[in-house]
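Undergrad: When you get a sec, could you give me coordinates for this:
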Amino acid sequence: MLRAILIDDEPDCVRLLALQLKEHCPQVQILAQFTSSEDGLQAIRTLSPDLVFLDIEMPEMNGFALLEQLGNISFNLIFITAYNEFALKAFRFSALDYLLKPLDTNELQEAVRKAEKRQHIDMRQFEMLRSQLLGGQYPQKIAVPCQGGVHFVELKELVYCEAESNYTRLFLTNGKNYLLSKTLREVQQVLEERNFLRVHRQYLVNLDHIKMYHKGEAAYLIMQGDINIPVAKNQKDKLVQKFGWL
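TA: You can find the predicted model right below:
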C-alpha cells in the first residue's frame, strides 16, 4: 500500500485525482489532499508519505520551492503538469514521472505501478529537471532508470540506440550498454534535437560518432567501435540535410 499526499492549487484537479485514485488505484491510500503548498509541505513533514502527487505551478510556493524546503526526498514523486512540449522533453531527460492535465486514467495507473517498484527518486534527476525548466537549456546527460537506481549517461558518450521490442538498448563509447524501458520512438522524441538521427526503424544514432557512410542499395554507417548500422532508403535525405554530403 502506498500512502499518498495530493497537492495542487486547483480544487477541481485535487478532487478529480482523488476520485481516480480511489476508483482505479486501490493500492494507494490517500493520507491528505491540499490546495495550499504550505499546508502540503507541513503534511509531508508530519505524515512521511510514500508517494506525493505534486503540481509544479502554484502560487506562493511552487513545486520546486516546496521540494527545496524538504532537502532530501525520501518518497516517490509524480508531478502534475500542464507544461508545453519543451517541458515534457525535460521530464523525459530526467526520467521523472509526470501526468498531464487533464489526467488520463491509464497513465495514472502506469505511474502508480512504477512508483510501487521504486524506493525514491535520485536528487540529481530533480536538479536536472529544474535546470531545464528554469534555464531553458537541455542538459548534457540523460537519466536512465535501472534496477536499483538511475544511471546518468553523458550524451556525448552515447553512440547509438537499438530497438528491442518495447524497450531500447543504449550503447556507449566505453562498451557498456543499458536497457531502457522505453520504445525507440520515445527515445527519439527526447534526443532528436540533440544531434541524434533515426536512420532505420531499429536504430537511432549519434551523428558525432559516425566514422564512415557506405553508399549503395544496402547503405550503412560505420559507427565508433566499428559497428555497422543500416540506413533505410527513406532516411538518406535526412543524412544529406544534416551533413551536406552523400
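Undergrad: low-scoring stretches of this protein, by residue?
TA: 83-87, 89-90, 93, 95, 119-120, 131-139, 147-148, 244-246 (pLDDT under 70).
Undergrad: Spatially central residue in it, please.
TA: Geometric centre of the chain, nearest residue: residue 92, 2.3 Å, by CA atoms, centre = their mean.
Undergrad: just to confirm, which helix or strand has it in it?
TA: helix 85-94 (DSSP states H and E).
Undergrad: How much space separates residue 21 from residue 111?
TA: As for residue 21, its distance to residue 111 is 11 Å (criterion: CB to CB, to the nearest Å). From N, CA and C alone the C-beta is placed, and that goes for glycine too.
Undergrad: quick one, which of those two is more surrounded?
TA: Taking other CB atoms under 10 Å, residue 21 and residue 111 do not tie; residue 21 has more neighbours (24 against 20).
Undergrad: tell me the secondary structure for residue 112?
TA: helix (DSSP: H, G, I helix; E, B strand; the rest coil).
Undergrad: go on, residue 20?
TA: helix.
Undergrad: How are the helices of the protein distributed by residue range?
TA: Under the criterion DSSP state H, the chain contains helices at 11-24, 37-47, 63-70, 85-94, 105-117, 123-135, 184-191, 236-243.
Undergrad: what angle sits between the second one and helix 63-70?
TA: Pointing back at helix 37-47 there. 40 degrees (axes from the mean of the first three to the mean of the last three CA atoms, to 10 degrees).
Undergrad: The residue lying closest to residue 203 once chain neighbours are set aside and residue 185: what is the separation?
TA: In space, and not counting its chain neighbours, residue 203 is closest to residue 229: 5.0 Å by CB to CB, 6 or more residues apart in numbering. In this view, residue 229 and residue 185 are 17 Å apart by CB to CB.
Undergrad: any idea how this protein splits into domains?
TA: 2-135, 154-243 (automatic domain parsing).
Undergrad: what would those look like in TSV with distance to residue 141?
TA: Shown next, in TSV, are the domains of the chain (distance: least, CB to CB, whole Å):
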stretch	distance to residue 141
domain 2-135	7
domain 154-243	6
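Undergrad: and stretch 214-221, C-alpha only, in PDB?
TA: Extracted C-alpha coordinates of stretch 214-221, given in PDB (Å, rounded to 0.1, in the frame of the first residue of the first chain):
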ATOM      1  CA  HIS A 214      28.800   3.300 -47.300                       C
ATOM      2  CA  LYS A 215      26.600   4.200 -50.300                       C
ATOM      3  CA  GLY A 216      24.700   1.700 -52.400                       C
ATOM      4  CA  GLU A 217      21.400  -0.100 -52.400                       C
ATOM      5  CA  ALA A 218      22.100  -1.500 -48.900                       C
ATOM      6  CA  ALA A 219      23.600   1.600 -47.400                       C
ATOM      7  CA  TYR A 220      25.000   1.600 -43.900                       C
ATOM      8  CA  LEU A 221      27.000   3.600 -41.400                       C
END
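Undergrad: Same question for that stretch: list its buried residues.
TA: 219, 220, 221 (16 or more other CB atoms under 10 Å).
Undergrad: For residue 141, give me its contacts.
TA: Contact analysis of residue 141 by CB atoms under 8 Å, 6 or more residues apart in numbering lists 93, 128, 152, 153, 154, 155.
Undergrad: no, scratch that, I was asking about residue 97
TA: 77, 78, 79, 91, 111, 114, 115.
Undergrad: Let's see that with 10 Å instead.
TA: Contact analysis of residue 97 by CB atoms under 10 Å, 6 or more residues apart in numbering lists 53, 76-79, 91, 107, 110-112, 114-115, 118, 121.
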